[in-house]
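K.L.:
return atomic coordinates for the entry below.
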Amino acid sequence: MAEHARLDISNLRERLLEFHASYVRCIDTDRLEEWPGHFTAECHYRVTNADNERDGLPAGLMFATSRAMLEDRVSALRHANIYERQTYRHILGQVSILSWAKQHAECETPFLVARIVQSDDTSLFATGVYKDVFELGGERVLLKQRVVVCDSSRIDTLLAIPL
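P.N.:
Purely as a prediction, here's the structure:
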C-alpha cells in the first residue's frame with residue numbers, strides 16, 4: 001500500500017512539474033493568451049504580500065474569480081494598458097505537496113522572478129510562494145486557486161504581467 005501511494009505521489013509531482021513549466025513558460029515567453037488556460041473556469045487568482053496574507057487581509061494587487069476575468073486581464077494588457085515593455089524570468093523551487101486526494105491537491109511552491117526591461121538592467125522583481133489548489137480530475141492539471149504571496153510588502157507598481 002505504501003509503495004502504491006509513493007507511485008501516486010511521484011506521478012502527481014511529475015504532473016505538477018509539467019504544469020509549472022508550462023505556466024511560467026507562457027508568461028516568460030510573452031504568450032500571455034495561454035496563461036488563463038492554466039485555470040479552471042471558476043477560479044481564484046490573487047497577488048498579495050506576506051503581511052496581508054498573515055493578517056487575513058483579502059486585498060490583492062491582482063484579483064480574479066474566473067478564467068474570463070483572467071482573459072480580460074490579458075486583453076487589457078495587450079490593447080488598453082500602457083506600461084513599459086518588460087519580460088519576466090521565473091525560477092521555481094521544489095513543490096511542497098501539503099495534501100492531496102484523487103481530485104485535488106494543495107501545494108506551495110517558492111518562486112523568484114527577475115524583470116527584464118530592454119532599456120534598463122535586469123532586476124530581481126519578486127520573491128515569494130505560490131499557494132495553490134489544483135484540480136486533478138481531468139486530462140490536465142488546472143489551478144482552482146493560486147494566491148501569489150510576495151515576500152516583500154513593497155511591490156513595484158509596474159506589476160502589469162501576472163506572476
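K.L.:
you'd agree Arg13 is up against Gln94?
P.N.:
No. Arg13 is not in contact with Gln94 according to Cβ atoms under 8 Å; the separation is 9.2 Å. For every residue, glycine as well, the C-beta is placed using N, CA and C.
K.L.:
so those two - more neighbours on which side?
P.N.:
Legend: neighbour count by other Cβ atoms under 10 Å for Arg13 and Gln94, higher for Arg13 (15 against 9).
K.L.:
before we move on, what SS does the more buried one have?
P.N.:
For Arg13, the assignment made with DSSP: H, G, I helix; E, B strand; the rest coil gives helix.
K.L.:
separation between it and Trp100?
P.N.:
10 Å (Cβ to Cβ, to the nearest Å).
K.L.:
can you spell out which helices and strands pack onto the worst-scoring helix or strand of the chain on mean pLDDT?
P.N.:
Using mean pLDDT, DSSP states H and E, helix 2-28 stands out as the lowest-scoring helix or strand of the chain, at a mean of 86. The contact analysis (3 or more Cβ pairs under 8 Å, 6 or more residues apart in numbering; DSSP states H and E) places helix 2-28 against strand 87-92, strand 96-100, strand 104-116.
K.L.:
show residues contacting the helix or strand that comes right after the last one.
P.N.:
Past strand 104-116, heading to the C-terminal end, the next element that is a helix or strand (DSSP states H and E) is strand 123-135. With Cβ atoms under 8 Å, 6 or more residues apart in numbering as the test, strand 123-135 has contacts from 16, 19, 40, 49-50, 53, 88, 103-115, 117, 141-152, 155-156, 159, 163.
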